[in-house]
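Novice: fold the following for me, if possible:
(2 chains, ligands or ions: 2)
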Amino acid sequence: MHVMAQMGMVMNLDKCIGCHTCSVTCKQAWTNRSGVEYVWFNNVETRPGQGYPRRYQDQERWKGGWVRNRRGRLRLKAGGRFKKLLTIFANPVLPNIRDYYEPWTYDYEKLTEAPLGDDFPVAQPKSLLSGEPMAIEWSANWDDDLGGAPEHGPRDPIVERLRKESEDKVRFSYEQAFMFFLPRICEHCLNPSCVASCPSGAMYKRAEDGIVLVDQDRCRGWRMCVTGCPYKKVYFNHRTGKAEKCTFCYPRVEVGLPTVCSETCVGRLRYIGLFLYDADRVTAAASVENEQDLYEAQLDLLLDPTDPAVLDHARRDGIAEDWLEAARRSPVYRLAKTYRVALPLHPEFRTMPMVWYIPPLSPVVDRLAETGHDGEDAANLFGAIDALRIPIGYLAELFTAGDPAPVRGVLQKLAAMRSYMRDVTLDRPHNESIATAVGMTGGEIIEMYRLLAIAKYEERYVIPTAYSGEAHQLEELGCSLDVDGGPGMIGSGPFGEASGRATPVSVETFHALRDRQTSDHIADPGERGARINLLNWDGKGRPPGLFPPPRQTPPGPGDLTAGGAAAARTAELGEDGR
Amino acid sequence: MNWQDVLLWAVLPYVMVVVLVGGTIWRYRYDKFGWTTRSSELHESRLLRVGSPLFHFGLLVVIIGHVIGLIIPKSLTDAAGLSQQAYHVQALLLGGIAGFCTLAGVAILIYRRRTTGPVFMATTRNDKLMYVVLVAAIVAGLATTLLGAAGGEEHNYRLTVAPWFRSLFVLQPDIASMAGAGLAFQLHTLIGLLLFTIWPFTRLVHAFTAPLGYLFRPYIVYRSRQGGPAARPARRGWERI
Ligand code: SF4
Ligand code: SF4
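Specialist: Ligands and ions are numbered 1, 2, ... in the order given. This next block holds a predicted model:
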C-alpha cells in the first residue's frame, strides 16, 4: 500500500442552473489570452447535447483514454509508444479547431463609424484566427438549453448508444425533453492518459496533491496529450505551440483557497477536498475486465481517512498531519464514498477521474409534477425513478458505463432525502422507513442534507495549506513589469511567436486587460488582447478607449493610439474631465 | 590553396560548430519556453497529414544517407567488394527517392502555410528565412545526388567532400580535397553550413529534443513540488524575496 493524497471535486448537478459564471470567471483567470481564445478549462454543456469539443465522448472517433487488451493489460487507445512516435509528424486524431469552434469577435467599430444612412449598421463577426468575416456556426455551447435539439440532440453520442440499445426513443420535442447541465473541468485523473501520452514527459501528476499539470518549459508541442485525454481537457495553444490545461487553480489551492470556478459558482454546488488513495492498486483497478465494475473499483481505491492503519501508512508515506485532518473532514470523500451519492464521469475511459458528480433528480421530479403527482412523495418518486427509464439510462451512460443500478441508488437516496426532510421541515413525524428503504438512518439523511443544502464555505471547501513555509514563492511578487524579457516580450520573441521566457500569468492577464480597456481598434488577431471588453470594465470612470476619439480633430494615421485618444479627450474635457 | 578556400573550408565549418553548439546551449538555457514545434495542425490537417510525414521521414533517410556517404571511406566499401557502379546505383535510388520525398513534403507544407489563413498568419519572418535556407539546401542536395550519379572524378564526393568532412574532426581540414569538388557540392555544403548556423535560432531546434526517452519511461510521471517549478532557481525578472 502506498498512500497518496488527491485533490478532488464533487459537483451537485441538481443545483446547476447553467449560468456559465464558472466558465467565464475561469476564462478571465486563465485563458483570456490570444492563442487560447477557443479554450475553456471549465465549460458547461447541456445534456443531451454534443458537448465541447463536438462529440468528444465518442472514443471510436477520438481515441482518448485507455483500453484493456486481451491479455488484461491497459494500453492507450490511440496506440502505444512506438505508434505515438511514428505518428508524431501528423497526429491522425487531433481535433480540428472547428471541432471546438472558430473564435470570433465583432467589428464593433462599424456601429459608431458607419456613415449616416437608411441602413442600420451591424457589427459583423470576424474570425480571431484569420481576421476574415465569418459565419458563426458552432461554439463551446451552441446547443445550450437544448437549442436546436431536434437537429443536434440525436447526434449526442450517448443518445446514439441508447437508441441502439433500446427501442425507446429519447424525445427532443419540447414537452417531452429532459435536460440538465454538466459543468466540466479536467478530472485530474488517478491514471491520467494525457500524462501517459506525452512523449516529452512534460506532463506530470503532482505527488503531493495529484494535480495534473503541463510543464511549459518542457512541452515541445507534440500534441499527443490532446488525443490522449478522453475528456478533451488538454488544449493546444496555437500561438505558443504548447499544451495548456486546467490547473485546478493550483496557486489558489496551495494557499487554501478554492478554485475560481468553485469560488464563483452561483449554485454553490461544488465541493473540494482530499481523497487518500492507494497508488499501488491504481493500475489494477483501472484494468478490471467489466467496464461496469470500474465505478466500484475506483471507489475501492479511496481509503478511509479514519482508519488507523491507513493513517499509519499515510504518515509513513510522508503525508502531513494537517493533510490527514483535512482528509478526515473531506466533503468529497463523504459524498463519494460514505453516502455514495457522487459518481465519476465516464469511468469506462479507465483514467480514474477525480471530479465526481451527484446526478440530477430534477428531470424525474419535474416530469412527475407535470403529470399532476406529488413530486416529493417518497412512493411516487421511487416509482417514477424506475418508470423514467430514459433519463436513468442516459445518466448511467454518463456515470457508470451504462449500469443503471448505482444511478438508481443515488437517485433513490436523493428522493428519500427530499421526502424525509419535508416531514422534518413541516414538523410532521419523521418517517424512518423512508431512510431505511435506502439503507440509511434518519440521522445520516439529515447530515447528508446539511452537506448538500446548507453547508458553509468552510465545509464545502476543506483545503489544507501545508505549503505555508514556501508560500512566498507562490505569489508572483516582484513581477517583471519593467524588465526586458518581461511584458515587452508578450507576443513575439526574437525566434518567433512564443519564444522568450514564459510570461507569468498575472502579468499577461494584466496586460491583456489593460490593452483591451485602452485600445480603440477592433480585435486584431495579430495584436495580443486588443479587444475592448466591457466585461472587464469595473464601471469606475471612463477607461481611455471606451469611446472613439472625437470627430472634430480627425487624428492622423499615426495618432490612432490609445494615448492619442486619451490625450484628445483630456484636451476636450479639460484637466479634471474625469 | 588561396585564402578564399581557407576561409570557406577551414574557418567557416568551425564557426558553424561554435555557433551551433553555443547557440543551442544558450537557447536551451534562456528560451525553453520558445523551444517547440509550433505545430499548426490544429488549423489544418488534411495537407499536413501528407506533407509532414513525407518531409520528416524523407529527411530521416537523407540524414542516414549523409552519414553513410560521408563517414564510411571509399576504401572500406571497395574492400567489401561494392563496386563504384553499384554504390552509385544504390545512392541514387535511396538518396534520390528520399530527397525527392523531402522536397515534395516541404513543397506541400509551404503551399499549405501560404494558403491556410491562420497558418500563414502564424508564420514569422524567422520562419520564412528558415524555409528559404532549408529549401535551398534540399534542392542543392538533390542536384548533387543527380550529378554524383552522372559520374566523373569531380562529382565523386567520396573522394572530395567526404575526406574533407572527416578531416574536420581531427582538426586538420583537407582544404585541397574540398576545393577540388564540383561547384554544386561546394554550394550544397555552404548552404548546409548556413542551415546549421541558423538552426539554434529557428523552430528547427525541436529536432534536438526528439522524444526518444518516451520509449523508456514509465507511462505516468509523478513530480514533487519540491523538485518542481517552485524549487527551480528564480529566473531573470523574478525578484528573489
Ligand atoms: S481529464 Fe485531466 S487528468 Fe484526466 S486525462 Fe484528461 S487532462 Fe489528463
Ligand atoms: S457557476 Fe455553478 S451554477 Fe453556474 S453554470 Fe457553473 S456550475 Fe452551474
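Novice: all strands of the stretch 351-500 of chain A, in order?
Specialist: A:355-358 (DSSP state E, counting those that start in this stretch).
Novice: do chain A as well
Specialist: Taking DSSP state E to define them, one finds strands in chain A at A:3-12, A:43-47, A:66-68, A:74-76, A:104-106, A:125-127, A:180-184, A:203-206, A:212-214, A:234-237, A:242-245, A:270-278, A:343-344, A:355-358.
Novice: where does chain B have its least confident helix or strand?
Specialist: Counting by mean pLDDT, DSSP states H and E, the weakest-scoring helix or strand in chain B turns out to be helix B:74-79, with a mean of 82.
Novice: residues from chain A in reach of ligand 2?
Specialist: Listed as neighbours of ligand 2 in chain A under the rule C-beta under 6 Å from any ligand atom: A:16-22, A:44, A:181, A:183, A:265-267, A:269. Any C-beta I mention is one placed from the backbone N, CA and C, and that applies to glycine too.
Novice: identify the residues contacting the residue positioned nearest the centre of chain A.
Specialist: Nearest residue to the geometric centre of chain A (C-alpha atoms, centre = their mean): residue A:185, 2.1 Å. Residue A:185 makes contact with A:9, A:26, A:41-42, A:233, A:246, A:248, A:259, A:261, A:355, according to C-beta atoms under 8 Å, 6 or more residues apart in numbering or on different chains.
Novice: let's go with 10 Å and repeat that
Specialist: When the contact criterion is C-beta atoms under 10 Å, 6 or more residues apart in numbering or on different chains, the partners of residue A:185 are A:9, A:11, A:22-23, A:26, A:40-43, A:231, A:233, A:245-249, A:259, A:261-262, A:270, A:355.
Novice: compute the first-to-last residue distance for stretch A:129-145.
Specialist: Stretch A:129-145 has its terminal residues 28 Å apart, counting by C-alpha to C-alpha, to the nearest Å.
Novice: give me the nearest residue to residue B:208, chain neighbours excluded.
Specialist: Distances taken as C-beta to C-beta, 6 or more residues apart in numbering or on different chains place residue B:24 nearest to residue B:208, at 6.4 Å, with adjacent residues excluded.
Novice: was I right to think the one you found contacts residue B:201?
Specialist: Yes: the pair residue B:24 / residue B:201 is scored as a contact, 9.4 Å apart, by C-beta atoms under 10 Å.
Novice: looking at the two, which has the bigger crowd around it?
Specialist: residue B:201 (21 against 16; other C-beta atoms under 10 Å in any protein chain shown).
Novice: do you know how far residue A:68 is from residue A:347?
Specialist: Applying C-beta to C-beta, to the nearest Å, one obtains 13 Å for the distance of residue A:68 from residue A:347.
Novice: try residue A:132
Specialist: 43 Å.
Novice: more neighbours: those two, which one.
Specialist: Counted by other C-beta under 10 Å, residue A:132 and residue A:347 do not tie: residue A:347 has more neighbours, with 26 against 11.
Novice: the strands of chain A into a markdown table, with extra columns for mean neighbour count, mean pLDDT and distance to ligand 1?
Specialist: Shown next, in a markdown table, are these (neighbours: other C-beta atoms under 10 Å in any protein chain shown; pLDDT from 0 to 100; distance: least, C-beta to the nearest ligand atom, whole Å):
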| stretch | mean neighbour count | mean pLDDT | distance to ligand 1 |
| --- | --- | --- | --- |
| strand A:3-12 | 26 | 96 | 11 |
| strand A:43-47 | 23 | 93 | 13 |
| strand A:66-68 | 20 | 95 | 9 |
| strand A:74-76 | 19 | 94 | 11 |
| strand A:104-106 | 19 | 92 | 26 |
| strand A:125-127 | 17 | 93 | 27 |
| strand A:180-184 | 22 | 94 | 9 |
| strand A:203-206 | 23 | 95 | 8 |
| strand A:212-214 | 24 | 95 | 4 |
| strand A:234-237 | 26 | 96 | 5 |
| strand A:242-245 | 24 | 95 | 5 |
| strand A:270-278 | 25 | 96 | 14 |
| strand A:343-344 | 25 | 97 | 11 |
| strand A:355-358 | 26 | 97 | 8 |
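Novice: out of those, nearest to residue A:419?
Specialist: For the strands of chain A, distance to residue A:419 was read as C-beta to C-beta. The smallest value, 17.2 Å, belongs to strand A:355-358.
Novice: with only the CA atoms kept, save the closest one in CSV.
Specialist: In CSV, the C-alpha atoms belonging to strand A:355-358 read as follows (Å, rounded to 0.1, in the frame of the first residue of the first chain):
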residue,chain,number,x,y,z
VAL,A,355,-14.2,15.0,-10.3
TRP,A,356,-17.4,13.4,-9.2
TYR,A,357,-21.0,14.2,-9.9
ILE,A,358,-24.2,13.9,-8.0
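Novice: which elements pack onto it?
Specialist: strand A:3-12, strand A:180-184, strand A:270-278, strand A:343-344, helix A:389-399, helix A:404-425 (3 or more C-beta pairs under 10 Å, 6 or more residues apart in numbering or on different chains; DSSP states H and E).
Novice: mind redoing it with 7 Å?
Specialist: Contacts of strand A:355-358 with other secondary structure elements, assessed using 3 or more C-beta pairs under 7 Å, 6 or more residues apart in numbering or on different chains; DSSP states H and E, are made with strand A:3-12, strand A:343-344.
Novice: so what's the residue count around residue B:97?
Specialist: 14.
Novice: which pLDDT value goes with it?
Specialist: According to the per-residue confidence, residue B:97 scores 92 in pLDDT.
Novice: cool, thanks, signing off.
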